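> Let me see the structure of the following:
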Amino acid sequence: MSHSLLKRHTWLAPITVFVAFSAFVLGASHASASALGPISASTMGTAGAGSASMASDASNMHYNPALMTQFRTKHLVIGGTVTFRSSDLSIDEATDFNGDSFSSIDDADSSTTQFAPSIFYLHPFEVKERPLVIGLGITTPYQIKQDFGDDEVSRYTTTESKVNTLNINPNIAYQLSQRLSVGAGFSVQYLSSEYNRAVDLETICKHFSSGCGGLTDGSVSESGSNFGYGWNAGLLYQLQRTAIGLSYRSSIKHDIDGDVEYDTNNWDLGERYGMVDKSFDSNINVPGVATLSVTHMMTPRLSLMADVSYIGWSTFENYNPVYSEPDSTVQPTDPHFNTQGESWDDSFRFAVGTYYRLTERFRLRGGVAYETDPMRDDIGTPMQPGGSVVDLAAGIQFILHPKWILDAAYMFSIYSDTDIDMTSSSPNGGNGNKESLEGELSQQVSRLGLQLIWLVG
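As a prediction, this is how the structure comes out:
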């Protein structure tokens, strides 16, 4: 594509950049990030307050597509979030395949750094002298990773686990009247999941036979993926100095098709004891979110925002793999565990924030949020920790040029401790797997967001 062609058709420039960066997003989406973290730096700066009522940039379409009607200029938003997650697993008790307690138990920890890119583009039109806007967002809305390593006794229940998503979300919005706007969109979402743990080959061998000395740990990996579909919609109602937004993003059901793969370190008896590769089916449901949001302009420089969100975590439970080919029987060594009490309730998230116009070129943001604990009975797993969370956030916006705007934000999240209680769910009675893990998980998460806005014209 020649430079002269771009000059003659200015609409090609943002599309060219959008396509190029989209390829990067598609490639990077498998880097893990954090569950339901902020989609953009502008939203992160207020801890999510005003997400469905304050028109900051094109990324708002993710939270409320009706906000797109507030923009009269085509623009492109390219951004990303770096997430630093630190988790400490304090182990009270752990048992091996035979149900015997380990004589030496050390705590385990997980420290991960992840990157989640995002890109948004919107294009306004006019229909009957009222704004009609189309937009497209490509995001990584739900991702989580834990990696407790392969040195501690926790390795027999979990080493590394992760869930990653990529969401493609076209939207359309129309201003029905001077005060009321509506918007809607649909999502195509790709989800991949992976769960790994070590296999105590020596103990398993001794359980069934003799002459088992010198065997080192094996491993088992359960991974799968799926495409799911959902929708989103929103309303925006504007008074003289107050904007009220109401939005909903649907749950997306993923029917996972995957494979279980064993590595038995060339142990020739592994297959006899059920350690054979096989396929499985399961499900993961990404929760739906309903949000009521209010933004009020106190002065020409200062705005205050507040949000309350209802998150449908109850649809997330019951990850129960069903094995097939070559054998549908759950073997003692299969990665199949009961989590004592692990089930999910819907949660609420409350956020308040502020936006302050410091100078003509600088704006400041700040916010705090609290989400209730979605884990029923406060019992979770190292792979999917629960706990209530407090988010503290701050952000800054710098107008580099009439067409270029830079946003940066930081958010620190403090989670309440979660009890861990996992036991094997092997159905094989007295010959079954009796591995277990009990303890407490604590975690903290830091996020750094950056985005660049290009006002195309």
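> May I ask you to confirm that residue 93 belongs to a strand?
Yes - secondary structure of residue 93 (DSSP: H, G, I helix; E, B strand; the rest coil): part of a strand.
> burial of it, as a residue count?
13 (other C-beta atoms under 10 Å). In short, each C-beta sits where N, CA and C put it, glycine included.
> Tell me which helix or strand the nearest residue to it once chain neighbours are set aside sits in.
Nearest residue to residue 93 in three dimensions, chain neighbours excluded: residue 438, at 4.6 Å (C-beta to C-beta, 6 or more residues apart in numbering). Counting by DSSP states H and E, the element that carries residue 438 is strand 436-455.
> Next: residue 260.
Going by DSSP H and E, residue 260 is in strand 252-263.
> which stretches of the stretch 301-450 of the chain have low pLDDT?
Across the stretch 301-450 of the chain, the ranges flagged by pLDDT under 70 are 317-320, 325-343, 376-386, 424-433.
> ok, which stretches of the stretch 201-350 of the chain are strands?
218-238, 242-249, 252-263, 278-286, 289-297, 302-311, 322-324, 337-339, 347-357 (DSSP state E, counting those that start in this stretch).
> and the longest one, which residues are buried?
To tie it back to what came earlier, the one meant is strand 218-238. 218-224, 226, 228, 230, 232-236, 238 (16 or more other C-beta atoms under 10 Å).
> what's around residue 168, how many residues?
Neighbours of residue 168 using other C-beta under 10 Å come to 16.
> Provide the partner residues of it in its beta bridges.
residue 138, residue 188 (DSSP bridges).
> Provide a list of residues in contact with it.
Residue 168 is in contact with 136-138, 187-189, counting by C-beta atoms under 8 Å, 6 or more residues apart in numbering.
> Between all of the residues you listed, which two are separated the most?
136 and 189 (14.2 Å; C-beta to C-beta).
> Please identify which of those two sits among more neighbours.
Set residue 136 next to residue 189 and count neighbours by other C-beta under 10 Å: residue 189 wins out with 21 against 18.
> contacting residues for that one?
141, 165-168, 227-230, 252, 254, 286.
> Reformat those as JSON lines; add distance to residue 316 and pLDDT.
JSON lines is the format used below for these (distance: C-beta to C-beta, whole Å; pLDDT from 0 to 100):
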{"residue": "141", "distance to residue 316": "14", "pLDDT": "87"}
{"residue": "165", "distance to residue 316": "13", "pLDDT": "88"}
{"residue": "166", "distance to residue 316": "18", "pLDDT": "93"}
{"residue": "167", "distance to residue 316": "16", "pLDDT": "95"}
{"residue": "168", "distance to residue 316": "22", "pLDDT": "97"}
{"residue": "227", "distance to residue 316": "18", "pLDDT": "95"}
{"residue": "228", "distance to residue 316": "13", "pLDDT": "94"}
{"residue": "229", "distance to residue 316": "17", "pLDDT": "96"}
{"residue": "230", "distance to residue 316": "14", "pLDDT": "96"}
{"residue": "252", "distance to residue 316": "11", "pLDDT": "92"}
{"residue": "254", "distance to residue 316": "11", "pLDDT": "90"}
{"residue": "286", "distance to residue 316": "8", "pLDDT": "84"}
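> Can you tell me which of these is nearest residue 370?
residue 141 (20.4 Å).
> wait, the closest one sits on residue 165?
Yes - counting by C-beta atoms under 8 Å, residue 141 does reach residue 165; the two are 6.0 Å apart.
> Pull up the overlap in contacts between those two.
Contacts common to residue 141 and residue 165, judged by C-beta under 8 Å, 6+ apart, are 189, 286.
> Would you tell me which of the strands of the stretch 201-350 of the chain gets closest to residue 103?
Nearest of the strands of the stretch 201-350 of the chain (C-beta to C-beta): strand 218-238, 21.5 Å.
> The helix or strand hosting residue 123 pairs with which strands?
Taking DSSP H and E as the criterion, residue 123 maps to strand 108-127. Strand pairing for strand 108-127, determined by DSSP bridges: strand 75-95 (antiparallel), strand 130-139 (antiparallel).
> ok now it, how far from the chain's centre?
Computed by C-alpha atoms, centre = their mean, to the nearest Å, the separation of strand 108-127 from the middle of its chain amounts to 11 Å.
> secondary structure class for the most centrally placed residue in the chain?
The residue lying closest to the centre of the chain (C-alpha atoms, centre = their mean) is residue 142, at 2.0 Å. In three-state terms, and counting by three-state DSSP, residue 142 is coil.
> Model confidence score at it, please.
On pLDDT, residue 142 comes in at 82.
> Tell me how far it lies from residue 223.
From residue 142 across to residue 223, the span is 17 Å (C-beta to C-beta, to the nearest Å).
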